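Undergrad: build me a model:
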Amino acid sequence: MLVVSACLAGMKVRYNGTDCLEDVIGEMVSSGKAVTVCPEILGGFQTPREPAEIQGGTGEDVLDGTARVLDRSGADVTDQYVAGAAETLAICRKMGATEIVLKENSPSCGSSMIYNGDFSGEKIPGEGVTTALLRRHGIKVWSEEDAVNEFV
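TA: Residues are numbered from 1 along each chain as shown. Prediction:
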């Protein structure tokens, strides 16, 4: 079973209450070939919520305790991001999933790019907290772009 970011399946769970529907992914969920997760919702956030970015590094650094996730107003939301990542890992293990499709650029889900931490809209190479944790446990993480190209 494939696990996918809920926003990519059309669920309005992003920080601003929108989705990022990818038709192929939505169809996979509708046909029972994939299940959805939202690490941020699993970490205790509601929709909408303040946008957040990793400051001082990447998801790997957050897991190692050398970077933090802060929302735009400056609140430290690191614990919620780590909790959501752990819940996502638990779901993947329960489903027997070895692959997951996550939303690129997110502080949770980015697989190769994340925002730079100063809320300027600039992206940098790196991965989100959930991606980092899943990769540490041998789960292959796809971005939506890579997945759509792979599964079409």
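Undergrad: for this protein, list the residue farthest from the centre, please.
TA: Distance to the chain centre peaks in the chain at Ser31, reaching 22.3 Å (criterion: C-alpha atoms, centre = their mean).
Undergrad: list the residues that contact that residue.
TA: Residues touching Ser31, when contacts are defined by C-beta atoms under 8 Å, 6 or more residues apart in numbering, are absent altogether. The way it works is simple: take the backbone N, C-alpha and C, and place the C-beta from them, glycine included.
Undergrad: how far away is it from Glu144?
TA: With distances defined as C-beta to C-beta, to the nearest Å, the gap from Ser31 to Glu144 amounts to 18 Å.
Undergrad: what about Ala86, neighbour count?
TA: Counted with other C-beta atoms under 10 Å, the burial measure for Ala86 works out to 16 neighbours.
Undergrad: do the one 5 residues further on as well
TA: By other C-beta under 10 Å, 17 other residues sit near Ile91.
Undergrad: I'd guessed Asp19 sits against Lys12; true?
TA: Yes - using C-beta atoms under 8 Å, Asp19 is in contact with Lys12, at 5.0 Å.
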